[in-house]
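> Okay, here's the prediction I keep looking at, along with the sequence it came from:
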Amino acid sequence: MSDSHEVYAMSTQGVGPVETVLRKLLVPVCVIAGVVVVSVFFFPSLVGSVLTGRSLLVLALLFFGSGLAYVALLPITIDPETADDRRDAPYLLRIRRLGWIGTAREAATRVKGFASRQNPIVFGVPVAAFGLFFAGFYLLPSGTRAVVGSVESVLLHEFGWLFLGAMFLAVLYCLYLLVGPWGEIKLGGPEAEPTYTYPTYFAMVFTAGIAAGIVFWGPAEALFHYGTPPPFLDAPARSAAVMPGALAYALFHYGFSAWSAYLVIGVPIAYFAYQQGAPLRVSAILTPFLGVRGLDSHWATLVDVLAVFATIGGIATSIALVSQQFLAGVSFQWPAVTYGGATPVLIVAGLTLIYVVSAASGVQRGIRRIAGIAVVLLVLFAALLIVVGPRSSIVDIGTAAVGRYVTDFAAMSLYLGGGLVASEWVAEWTVWNWSWWFSWAPFAGLFLAALSKGRRIRTVVLTGGVATSAATMVWFVLLGGTSLSLQRSGAADILAAIASYGGSEAVAGFPMFAALPLGQLLMFLFLALIIAFIVTSADTSTLVVSILATKREYAPTTGSIVFWGLLQGSVAVAVLLVGGGETLQALAVLTGGPFAVLSLVALVGLTVAFRRRGSGHSSLLGKVRSALGDRGIEGPGEVLREEE
């Protein structure tokens, strides 16, 4: 990696003249825009009379964007004593920094040099595919939509068993890694040390893999199941009996199963990269079958191409949907505010600018810091909701839902439906969710692998599966329990509000907040969370795609990161202007099928590698038994032997 040492030529990053000037400009912009936006939130009579809707959005984006960009651009000092160790950090933690002036020069005069650093297939095929998709959709929208819809229908309905089976096996495998001897393996060898502290590690893993979906669907999904119960529940709609099951299904779709999809891709990548010297690519999962040298083959390239396409398609459609959902929520809350047709594009442009700056600043600066901000906002919001929300109802509904989730987990995981209506529901909800999680697994799994050097596999699973799903479930219990309680008691008719906006889940939170004390503050934090969480996923995906598209002997440059970030933003804008957002989302979700299969391939290969090399480690149960023996406490095995 000849260029990687350029990252550490200076002990301090972010002290260049351009970044210094930018930081000085961002402070007054953030303060002025923040004063106006906060005043509008807490003095709503100003809306529509002083500011136009577009002006309000511009100010909101300036406030949130300038604040996040300022944090991302803050300098950081590299400890000279650890610089050599950090040069050996995973590829994803390194960027060949040309500086902002160097980046502009590269774009203007070094196009050929930029192109020479890219893998022509991994770079060119996804770019061409997106161009062809939008051209086809623009010229033949109905035909393109019909073809993609037909393929999606066949995959989700005819191959639902594949997604359910792959996800359930992923869960079982992750549980075995938690308690079995393989979980004791330390990635990178016994002397390897983690690059980041555990709180930072958790924050980056959690925020990269969840995006803004957790914000929108937190108060909405349980309500959808409450209004139209899943066939599995066999309970009347809008009844007290259906409430625990409705929330349990929301926990199911965002719980341990979902995060296991990331782990069964991420853990094999990490193991083969750190234990066997494979390149840190999604295609590393094929190491047991192709060998490290064989990862230059067409099969490995195909895996990386699919990973790039799935990542850009998933993130770009998410950015476009977030802009529309953001507007839907704001217009619901303030009906007097009107927007022009270009407003969603404006939001996408603002989000793109934020996450490109964050990605270009690197993992140690922007990505790490904004992930921390997102988690702090999430905790603050949850604590505030506990204070003002219906606590007793949340506890009652949440406890029953968690119990239902645990007891019915296996049954829900394998439920295919017993009839046309039931199978249709499973395809549209569970199978679709599993396909979406698998389609995000390449970039989330690769990022997890990149951060996990120096940690034991058991710790990786505890963090990427147990801790993340626990945090997600707490969020859904709080917001889902609150929305169910308010809907059931009649304090707010959230389902009616959703229906009035065409069934959009984006408006679910606003009537809920309006029925609670400190509702304006909750709405403000809610909108801030939306921006923070989509930025944390988009900056990570931008960095991951830059890694995959760059030739293995090079570190990605700032220019390549800017290129891929702008491409993601351009795809999101094209979704808004040309249309086809649902079609592109369906197309991105279709990549979940191949990665569901590849997850099984990865687990087979990982198992073969473990058994071939022998772990030489004790299981978690063995450690517990040994600890009890050291304390003079007889385990059940010793008791039985003495009785014999």
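That came through fine.

> Just to check, Leu177 is in contact with Gly464?
No - applying C-beta atoms under 8 Å, one finds Leu177 not in contact with Gly464, separated by 10.6 Å. Using the backbone N, CA and C atoms, a C-beta is placed for each residue, glycine as well.

> Give me the common contacts of these two.
Leu263 (C-beta atoms under 8 Å, 6 or more residues apart in numbering).

> which ones are touching Ala222?
Neighbours of Ala222 in contact, by C-beta under 8 Å, 6+ apart: 243, 246-247, 249-250, 476, 480-481, 483-484.

> Which helix or strand contains Val264?
If you go by DSSP states H and E, Val264 is part of helix 256-276.

> Please read the previous query as pertaining to Ser599.
Judged by DSSP H and E, Ser599 forms part of helix 592-613.

> for that helix, which positions count as buried?
592-596, 598-603, 605-606, 609-610 (16 or more other C-beta atoms under 10 Å).

> And for stretch 399-417?
400-402, 404-405, 408-409, 412-413, 415, 417.

> What is the nearest of the contacts of Ala222 to Tyr262?
Phe476 (18.0 Å; C-beta to C-beta).

> Go ahead and confirm the closest one touches Tyr254.
Yes - using C-beta under 8 Å, Phe476 makes contact with Tyr254 at a distance of 6.1 Å.

> anything in contact with each of these two?
214, 221.

> show me where the stretch 351-500 of the chain has helices.
Ranges of helices within the stretch 351-500 of the chain are 368-388, 391-407, 409-414, 420-426, 432-451, 457-461, 468-489, 494-500, based on DSSP state H, counting those that start in this stretch.

> What is the first one packed up against?
I take that to be helix 368-388. Applying 3 or more C-beta pairs under 8 Å, 6 or more residues apart in numbering; DSSP states H and E, one finds that helix 368-388 contacts helix 53-73, helix 198-210, helix 468-489, helix 519-549.

> do the same with the third one
Of the remaining helices and strands, those touching helix 409-414 by 3+ C-beta pairs under 8 Å, 6+ apart are helix 160-179, helix 243-254.

> what about that helix, average pLDDT?
The average pLDDT within helix 409-414 is 96.

> got the contact list for that helix?
Contacting residues not belonging to helix 409-414 are listed as 164, 167-168, 171, 232, 248-249, 252, 257, 430 [C-beta under 8 Å, 6+ apart].

> The last one now?
Residues from elsewhere that reach helix 494-500 (C-beta under 8 Å, 6+ apart): 219-220, 223, 226-227, 332, 483, 486-487, 504-505, 507-508, 510-512.

> Count residues in the vicinity of Ala146, would you?
12 (other C-beta atoms under 10 Å).

> Flag every buried residue along the helix holding Val264.
Result for helix 256-276 [16+ other C-beta under 10 Å]: buried residues 256-275.

> what about the closest residue to Gly67 other than its chain neighbours, which helix or strand?
Closest residue to Gly67 apart from its sequence neighbours, by C-beta to C-beta, 6 or more residues apart in numbering: Cys30 at 4.8 Å. Using DSSP H and E, the element containing Cys30 is helix 17-42.

> OK, contacts around Arg613?
Residues near Arg613 by C-beta under 8 Å, 6+ apart: Gln275.

> which residue sits closest to Val421, ignoring its sequence neighbours?
Pro231 (6.4 Å).

> hang on, the one you found packs against Glu424?
No - taking C-beta under 8 Å as the definition, Pro231 is not a contact partner of Glu424, at 9.2 Å.

> Now do the shared contacts for those two.
Gly417.

> need the longest helix for this structure.
Secondary structure of the chain read by DSSP state H shows that its longest helix is helix 298-333.

> The residue positioned nearest the centre of the chain and Phe447: what is the separation?
By C-alpha atoms, centre = their mean, the chain has its centre lying nearest to Gly209, at 2.1 Å. Counting by C-beta to C-beta, to the nearest Å, the gap from Gly209 to Phe447 is 8 Å.

> which regions of this structure lie under the pLDDT threshold?
1-15, 41-42, 44-57, 78-114, 329-330, 333-341, 579-585, 614-644 (pLDDT under 70).

> swap the cut-off to 50 and go again
1-10, 83-89, 91-92, 97-101, 103, 106-109, 634-644 (pLDDT under 50).

> how far is stretch 539-554 from where the chain is centred?
17 Å (C-alpha atoms, centre = their mean, to the nearest Å).

> residues in contact with the closest residue to Trp432 other than its chain neighbours?
Spatial nearest neighbour of Trp432, chain neighbours left out: Leu156 (6.0 Å); criterion: C-beta to C-beta, 6+ apart. When contacts are counted by C-beta under 8 Å, 6+ apart, Leu156 touches 163, 427-428, 431-432, 435.

> I'd like the distance between Leu156 and Tyr198.
Distance from Leu156 to Tyr198, by C-beta to C-beta: 38 Å.

> Taking the contacts of helix 494-500 together, which two end up most distant?
Tyr226 and Phe332 (19.9 Å).

> more crowded one of the two?
Between Tyr226 and Phe332, counted using other C-beta under 10 Å, Tyr226 has the larger neighbour count: 27 against 20.

> from what I can see that one touches Ala240, true?
No - between Tyr226 and Ala240 there is no contact under C-beta under 8 Å: 10.1 Å.

> what's next to the helix or strand containing Thr287, contact-wise?
Applying DSSP H and E as the criterion places Thr287 in helix 287-290. Outside helix 287-290, the residues that touch it by C-beta under 8 Å, 6+ apart are 272, 276, 278, 295, 297, 299-300, 601, 604-606, 608-609.

> try 7 Å this time
Helix 287-290 has contacts (C-beta atoms under 7 Å, 6 or more residues apart in numbering) with 272, 276, 278, 295, 297, 299-300, 605, 608-609.

> Arg145: which of those residues is nearest?
Using C-beta to C-beta, the contacts of helix 287-290 come closest to Arg145 at Trp299, 31.3 Å.

> quick one: which of the contacts of helix 494-500 is nearest to Ser393?
Distances from Ser393 to those, taken by C-beta to C-beta, are shortest for Leu486, at 8.7 Å.

> List the contacts of that closest one.
492, 494, 512, 515.

> Which one (most neighbours) among those residues?
Counting by other C-beta under 10 Å, Met512 has the largest number of neighbours within the contacts of Leu486, with 30 neighbours.

> For that one, pull up the helix or strand it's in.
helix 509-514.

> Can you list the buried residues in that helix?
Buried residues in helix 509-514, defined by neighbour count with 16+ other C-beta under 10 Å: 509-514.
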